[in-house]
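Student: Have a look at this prediction, sequence included:
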Amino acid sequence: MNNILRNVFRVSLLVSGFFFFFMLDPAFAEDGGREWRPVYDIVLRWINFGILIFFLVKVVGPLLVKFLSGQQSEIRTKIERAQSEKDEMVAKVKEARESLENSGPRLEEIKTRIVEMGELRKQEIINDAKEQSQMMMKNARHRIDSLILHAKDDLKQEMMDMAMEKAFERLPAEITEEDNDHLIQKYLTAAAASS
């Protein structure tokens with residue numbers, strides 16, 4: 001590749017030199033007689049042009065070719081890097097588009113699933129609340145039944161106590177000596193029968 005660049009550079013320098021030489025040469029446009037000075041000028045121009053070309057080809061040419069080849073490799077590296085970045089970006093854009101296209105149904109599916117989970121959770125909460133309220137009602141009934149039972153027992157006890165007090169108040173006035181003997185006799189008969 002460097003040889004091709006070198007050859008192209010040399011040919012372009014040579015062509016541009018000829019073009020420059022012929023454009024600036026006033027001897028070709030002159031119709032005058034042939035004197036030795038114009039020929040001398042043309043020969044020296046050719047010699048100077050040859051020295052210039054030699055200098056350009058031997059000294060500046062390799063430096064310019066080296067510079068251009070370095071620039072070429074640097075530019076190639078930059079182009080390859082830019083191409084790889086472009087390919088990465090195209091892949092990311094394609095992936096993002098696919099993700100966006102697929103996200104619509106997926107979002108609907110997620111939304112449906114979330115709503116279903118919410119409904120199930122709501123039903124679980126309602127069922128738990130019903131169970132807790134039934135348990136609380138049962139506990140309340142048991143406590144109420146227990147309180148009523150205790151109240152009945154307390155009422156019975158109070159009524160018995162009151163009945164006993166009334167009986168103790170009224171009994172001595174209503175039991176006669178005969179009733180007393182009869183009760184003692186009955187007690188003794190029951191005690192003898194049980195022994």
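Tutor: Structure received.
Student: Could you use CA atoms for every contact and neighbour count after this?
Tutor: OK.
Student: chain center to stretch 176-187, what's the gap?
Tutor: Distance of stretch 176-187 from its chain centroid, counting by CA atoms, centre = their mean, to the nearest Å, is 101 Å.
Student: List the contacts of it.
Tutor: Stretch 176-187 has contacts (CA atoms under 8 Å, 6 or more residues apart in numbering) with no other residue.
Student: Can you show me the CA trace of that stretch as CSV?
Tutor: What follows is stretch 176-187 as a C-alpha-only set of coordinates in CSV (Å, rounded to 0.1, in the frame of the first residue of the first chain):
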residue,chain,number,x,y,z
THR,A,176,-94.4,-26.0,117.3
GLU,A,177,-93.1,-28.4,119.9
GLU,A,178,-94.9,-31.3,118.3
ASP,A,179,-93.4,-30.5,114.9
ASN,A,180,-90.1,-30.4,116.5
ASP,A,181,-90.5,-33.9,118.1
HIS,A,182,-91.8,-35.2,114.9
LEU,A,183,-88.7,-33.9,112.9
ILE,A,184,-86.4,-35.4,115.6
GLN,A,185,-88.1,-38.7,115.3
LYS,A,186,-87.9,-38.7,111.6
TYR,A,187,-84.2,-37.9,111.7
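Student: what is the rounded mean pLDDT of that stretch?
Tutor: If you average the pLDDT over stretch 176-187, you get 81.
Student: Next: stretch 58-67.
Tutor: pLDDT averaged over stretch 58-67 gives 80.
Student: what are the C-alpha coordinates of it, in PDB please?
Tutor: The C-alpha trace of stretch 58-67 is given here as PDB (Å, rounded to 0.1, in the frame of the first residue of the first chain):
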ATOM      1  CA  LYS A  58      13.800  11.800  -2.100                       C
ATOM      2  CA  VAL A  59      13.500  14.000   1.000                       C
ATOM      3  CA  VAL A  60       9.900  15.300   1.200                       C
ATOM      4  CA  GLY A  61       8.200  12.400  -0.500                       C
ATOM      5  CA  PRO A  62       9.100   9.700   2.100                       C
ATOM      6  CA  LEU A  63       8.200  12.100   4.900                       C
ATOM      7  CA  LEU A  64       4.900  13.000   3.200                       C
ATOM      8  CA  VAL A  65       4.200   9.300   2.400                       C
ATOM      9  CA  LYS A  66       5.000   8.300   6.000                       C
ATOM     10  CA  PHE A  67       2.800  11.100   7.300                       C
END
